[in-house]
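Got a predicted model here, sequence first, then my questions.
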Amino acid sequence: MKDLTKGKPSKLILAFAIPIFFANLLQLTYSIVDTRIVGSYLGENTLAAVGATTTLSNLMIGFLLGLSNGFAIITAQKFGAKDHEGVRKSFALSLKLGCVTALVITAVCLIFLKQILGFMNVSADLMKTSSSYIFIIIAGLLATFLYDACAAALRALGDTLTPLMILLVSVCLNIVGDILLVVVFKTGVRGAAAATVFSQALAFVICWIYMVRKYELLRIKFSDIVENDSDEIRQMRKNMLSAGLSMGFMSSLVNIGSLTLQTAINKLGQDIIVAHTAARKISEIFMIMFTVFGQTMATFCGQNIGAGEVKRVKKGIKLAIFYTCIWCTLAIIASYTISPWLVYLVTGSHNETVIKNATNHLRFDSLFYYVTAVICVVRNAMQGLGEQITPLVSSSLEMIGKTVIAFTLVPMLGYTGVIVAEPLVWFIMVIPLLVKIFRMPVLRENTK
């Protein structure tokens, strides 16, 4: 466990963030390897089929990840306030609420999968392969949530190293599973999807065994699961749903905008779909630090606000923005030097159309990463401080902006419209965040 309410903020933040960075990097590494295996052994047509559904899987997985991280904010606040019983009860409640949510999402998406893919304009020649892949991913959402919830609870206690080590094992098994199922046993995209779900389920089992043995705070009791009627539980449920749904919907609104944009991209042909798939994968690497320091700030602010350490919250936010802006500069340099090579590395494609369009996307959008850095840090810091409305407003603006662009600029400008979409909405969505952060009463208090 790591108490983030004591000690030098700069050292604590970096020590907390570094394991999260490597964990996210591992996740991205697997995603890239998975894309490369599919592209190299199953062809660009199959890669396009998988890429056509990426925003759908991101939407569902992102919502559940946001939900688990939001629940964990309450756990972090309880830990910061030294309420150990509250830590255990909040973790139990997060599992109960999250499992019900994951099962409902799974059922709805599987029942209406054909209609969803039709809405996304997945072409007839890609429909069968896309459906086969995404069906298995959706069926495994419960395993995905359970791992995310356990990892988020560990991070709420300041332990970022354990989720990293467990994820390392999961990613290695995932890659081995891909190679065996796709390359050796020729199971196609179903094998790639099954390897992903299996590795997530195994990660949950390992994480659960470890945390129950090591952390007494997280050893939930049967009474924690069935208790519903006390005032304490009702208030905790209200707070957790407020934080969890806020972060879940925040992620969903972003991904709904991306999904809507994907419906326009899916009309531009296979080469553009592959190019955008590559650009998104590489963008995720370039933006990795935004997510890292966002997650760090959610826990750092949660613990410190629980302990009443307002000055530490302010300093932490400033440091996180500073660190991410340094990373932005490195990302710009990379996009203007090695982006064509990265596109080939991800896709295995020598197609000039694919490489050119993906490279153009990376070089243009990376110039505006500084805005995104501020968005991610401030938005997650607000969640840690208990402010849920403004991040939702900001994410709603992103969804609306991408939807408008999907129906206006993309038909007029083609993939160029897609390239300019995100920078345009970034400048819009950062406005309410900056206005609110400077006006938050909790940050204007002169305490400690």
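Thanks, I have it.

Helix or strand: which one has the residue nearest the centre of the chain?
Nearest residue to the geometric centre of the chain (C-alpha atoms, centre = their mean): residue 62, 5.0 Å. Element membership for residue 62, per DSSP states H and E: helix 54-80.

wait, the residue nearest to the centre of the chain sits on residue 254?
Yes. At 7.3 Å, residue 62 and residue 254 qualify as touching, with contact defined as C-beta atoms under 8 Å. Using the backbone N, CA and C atoms, a C-beta is placed for each residue, glycine as well.

anything in contact with each of these two?
Residues touching both residue 62 and residue 254 (C-beta atoms under 8 Å, 6 or more residues apart in numbering): none.

correct me, but residue 418 touches residue 358?
No. When contacts are counted by C-beta under 8 Å, residue 418 is not listed as touching residue 358 (11.1 Å).

ok, and the helix or strand in this protein with the lowest average confidence?
Using mean pLDDT, DSSP states H and E, the weakest-scoring helix or strand in the chain turns out to be helix 222-226, at a mean of 82.

counting contacts, what elements does that one pack onto?
Judged by 3 or more C-beta pairs under 8 Å, 6 or more residues apart in numbering; DSSP states H and E, helix 222-226 is in contact with helix 84-111.

need the helices for the stretch 101-250 of the chain, in chain order.
113-119, 124-139, 141-156, 161-178, 188-214, 222-226, 231-265 (DSSP state H, counting those that start in this stretch).

Give the other helices and strands that the fifth one contacts.
Put plainly, it is helix 188-214. Counting contacts by 3+ C-beta pairs under 8 Å, 6+ apart, helix 188-214 is packed against helix 9-42, helix 44-51, helix 124-139, helix 141-156, helix 161-178.

now swap in the longest one and tell me
Helix 231-265 is packed against helix 54-80, helix 84-111, helix 270-286, helix 369-384, helix 389-407, helix 409-413, helix 415-437, with contacts defined by 3+ C-beta pairs under 8 Å, 6+ apart.

for these, which one sits closest to residue 177?
helix 54-80 (17.2 Å; C-beta to C-beta).

Tell me how far residue 290 lies from residue 6.
27 Å (C-beta to C-beta, to the nearest Å).

Specify which residue of these two has the higher count of neighbours.
residue 290 (24 against 12; other C-beta atoms under 10 Å).

now that one, what's its secondary structure?
Using DSSP: H, G, I helix; E, B strand; the rest coil, the structure places residue 290 in helix.

wait, doesn't it sit right on residue 321?
No. Between residue 290 and residue 321 there is no contact under C-beta under 8 Å: 10.3 Å.

so what sits against both of the two?
In terms of C-beta under 8 Å, 6+ apart, residue 290 and residue 321 are both contacted by the residues 373, 377.

hmm, back to that, any chance of the helices and strands packed on helix 231-265 in a markdown table, plus mean pLDDT?
Shown next, in a markdown table, are those (pLDDT from 0 to 100):
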| stretch | mean pLDDT |
| --- | --- |
| helix 54-80 | 90 |
| helix 84-111 | 95 |
| helix 270-286 | 90 |
| helix 369-384 | 93 |
| helix 389-407 | 88 |
| helix 409-413 | 89 |
| helix 415-437 | 92 |
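
right, and those - which one's nearest residue 175?
Among the helices and strands packed on helix 231-265, helix 270-286 sits nearest to residue 175 (C-beta to C-beta), with 15.3 Å.

Okay, angle between that closest one and helix 54-80 too, please.
For helix 270-286 against helix 54-80, the angle by axes from the mean of the first three to the mean of the last three C-alpha atoms, to 10 degrees is 20 degrees.

Who are the packing partners of helix 270-286?
By 3+ C-beta pairs under 8 Å, 6+ apart, helix 270-286 packs against helix 9-42, helix 44-51, helix 231-265, helix 310-335, helix 339-347, helix 352-365, helix 415-437.

if you compare the ones you listed, which one is most tucked away?
helix 44-51 (a mean of 24; mean count of other C-beta atoms under 10 Å).

Need the residues that contact that helix.
35, 38-39, 122, 125-126, 129-130, 133, 188-189, 192, 270, 273-274, 276-277, 347, 349, 351.

surely residue 10 meets residue 320?
No. With contact defined as C-beta under 8 Å, residue 10 does not reach residue 320; the gap is 10.1 Å.

Now the common contact residues for these two.
By C-beta under 8 Å, 6+ apart, no residue touches both residue 10 and residue 320.

Residue 22 versus residue 380, what's the distance?
For residue 380, the distance to residue 22 - C-beta to C-beta - is 19 Å.

same check, this time on residue 106
30 Å.

related to what we said a few turns ago, so which bits of the least confident helix or strand of the chain are buried?
Residues of helix 222-226 classed as buried: residue 224 (neighbour count, 16 or more other C-beta atoms under 10 Å).

Quick one: neighbours of the closest residue to residue 191 other than its chain neighbours, just the number.
The spatially closest residue to residue 191, leaving aside those adjacent along the chain, is residue 181, at 2.9 Å (C-beta to C-beta, 6 or more residues apart in numbering). For residue 181, the tally of surrounding residues (other C-beta under 10 Å) stands at 21.
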